[in-house]
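Asker: return a 3D structure for these sequence lines:
(one chain, ligands or ions: 2)
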Amino acid sequence: SVPLSFFGGIGGASRLGILVKGSNYLELLAHVDTVVFDKTGTLTSGIFNVVAVHPEAGVDPDYVLSMAAHAESFSDHPIAVSVRAAYSGEIDREKIDEVREESGHGVSARVNEHLVLVGNDKLMAAHGASWHDCDLTGTILHVTVDGAYVGHIVIADVVKDDAKDAVDGLHAAGVRHCVMLTGDRADVAQAVGTRLGIDEVHAQLLPEDKVAEVERLLAGEKDGARLAFVGDGINDAPVLMRADVGIAMGAMGSDAAIEAADVVLMDDRPSKIAQAMRLARRTMRIVW
Ligand code: ADP
Ligand code: MG
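Answerer: Numbering: from 1, shown residues only. Ligands and ions are numbered 1, 2, ... in the order given. This is a model prediction of the structure:
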């Protein structure tokens, strides 16, 4: 026979596709009152589509896309995957070297002897490149070749179909505070946050800024209240470890995240978190 707690505890969670790495995490989950979400890959699918390419005057849009796709050809960041998917030409990896991925910024690489930068404002600023802003909503990838601005690529991600339920479910379960942290632009972040009913949004963060933000929230927690961080793992391992409960996406998430996490959502559905909390409270016999 199986002990009763099996059905409510770790075993019960695993049948819901929630892997809990120890019963101590069930206890912590039961007391979570702040849930911090990463955006890309966690609340959004992390599958981007290229929606537009805006070359500078006199530049061929295919050239912008080609240079970006080549520079991104060794990256497994979802942005890189989407840029490659939008480029219909061949990628000759022999022509690419000196590839550097700068987390939270973008990539630099030498393509056909030309130095290519693909990334956000921070990448451009860090390299002293010239670029100009554009008032488009979306994630913007600026592209420069040998220091000259050749244009930008606009990409868009889609909110997961259960993301709203995830946030509503947590609020209904008594979670006081839902926070979203992202390296993406403020306009994109705010639009997603408002749509999902997130209480607090912080954008344009580097991985180390996310750790600092989580530490600030931890310091403000009431006695006995716990904080959970939910991420897909691209650059998230340090925050996953810092939170009281680190929750990772298991299907699209990185191995490093699954390793660093205390709880893994096997099907990447954020609505499973409220379910896991309810189950944890039942198991701990906490009446809410
Ligand atoms: P998030 O915090 O939303 O999960 P990341 O920290 O992975 O996002 O990335 C933050 C930002 O850094 C992206 O929105 C993008 O502007 C830039 N970036 C990161 N990696 C790349 C890349 N491979 N190519 C271009 N831009 C990138
Ligand atoms: Mg991410």
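Asker: how about the helices in the chain?
Answerer: Using DSSP state H, the helices of the chain run over residues 4-8, 10-15, 23-30, 61-71, 78-86, 121-126, 163-172, 186-196, 207-219, 237-242, 255-260, 272-283.
Asker: can you list the residues of the stretch 101-250 of the chain near ligand 2?
Answerer: residue 234 (Cβ under 5 Å from the ion). In this view, the C-beta of every residue, glycine as well, is placed from N, C-alpha and C.
Asker: about what we covered before: averaging pLDDT over each of the helices of the chain, which comes out lowest?
Answerer: The minimum mean pLDDT among the helices of the chain belongs to helix 4-8 (a mean of 57).
Asker: circling back to that earlier point, who wins for proximity to residue 105 among the helices of the chain?
Answerer: helix 121-126 (4.0 Å; Cβ to Cβ).
Asker: report the central residue of this protein.
Answerer: Compute the mean C-alpha point of the chain, and by Cα atoms, centre = their mean the closest residue is residue 40, 3.1 Å away.
Asker: out of the helices of the chain, nearest to ligand 1?
Answerer: helix 78-86 (4.3 Å; Cβ to the nearest ligand atom).
Asker: so what angle separates the directions of the closest one and helix 61-71?
Answerer: For helix 78-86 against helix 61-71, the angle between stretch directions is 130 degrees (axes from the mean of the first three to the mean of the last three Cα atoms, to 10 degrees).
Asker: helices or strands up against helix 78-86?
Answerer: strand 49-55, helix 61-71, strand 139-145, strand 148-156 (3 or more Cβ pairs under 8 Å, 6 or more residues apart in numbering; DSSP states H and E).
Asker: packed most tightly, which of those would that be?
Answerer: strand 139-145 (a mean of 24; mean count of other Cβ atoms under 10 Å).
Asker: state the mean pLDDT of that strand.
Answerer: Mean predicted lDDT for strand 139-145 stands at 95.
Asker: may I have it exported as CSV, CA atoms only?
Answerer: C-alpha atoms of strand 139-145 as CSV (Å, rounded to 0.1, in the frame of the first residue of the first chain):
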residue,chain,number,x,y,z
THR,A,139,11.7,43.7,-29.1
ILE,A,140,14.1,45.6,-31.2
LEU,A,141,17.4,44.1,-32.5
HIS,A,142,19.8,46.8,-33.7
VAL,A,143,22.3,45.6,-36.3
THR,A,144,25.7,47.3,-37.0
VAL,A,145,28.4,46.3,-39.5
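Asker: quick check, that strand touching ligand 1?
Answerer: Yes - Strand 139-145 reaches ligand 1 (Cβ under 6 Å from any ligand atom) through 139, 141.
Asker: tell me what that strand is packed against?
Answerer: When contacts are defined as 3+ Cβ pairs under 8 Å, 6+ apart, strand 139-145 packs onto helix 61-71, helix 78-86, strand 114-119, helix 121-126, strand 148-156.
Asker: what does that strand rub up against?
Answerer: Strand 139-145 is contacted from outside by 48, 64, 67-68, 79, 83, 106, 114-121, 123-124, 127, 129-131, 134, 149-157, 184-185, 188, using Cβ atoms under 8 Å, 6 or more residues apart in numbering.
Asker: next, count neighbours for whichever residue of the stretch 51-200 of the chain sits closest to ligand 2.
Answerer: Using Cβ to the ion, the single residue of the stretch 51-200 of the chain nearest to ligand 2 is residue 183, 7.1 Å away. Applying other Cβ atoms under 10 Å, we find 23 residues neighbouring residue 183.
Asker: kindly report the same for residue 212.
Answerer: Counted with other Cβ under 10 Å, residue 212 comes out at 13.
Asker: mind listing what it touches?
Answerer: Counting by Cβ under 8 Å, 6+ apart, residue 212 has no contacts.
Asker: nearest spatial neighbour of the residue of the stretch 51-200 of the chain found nearest ligand 1, skipping sequence neighbours?
Answerer: Distances between the stretch 51-200 of the chain and ligand 1 by Cβ to the nearest ligand atom are smallest at residue 183, namely 2.4 Å. Excluding the flanking residues, the one nearest residue 183 by Cβ to Cβ, 6 or more residues apart in numbering is residue 104, at 4.5 Å.
Asker: residues touching that neighbour, list them.
Answerer: Neighbouring residues of residue 104 by Cβ under 8 Å, 6+ apart: 122, 183, 205, 206, 207, 235.
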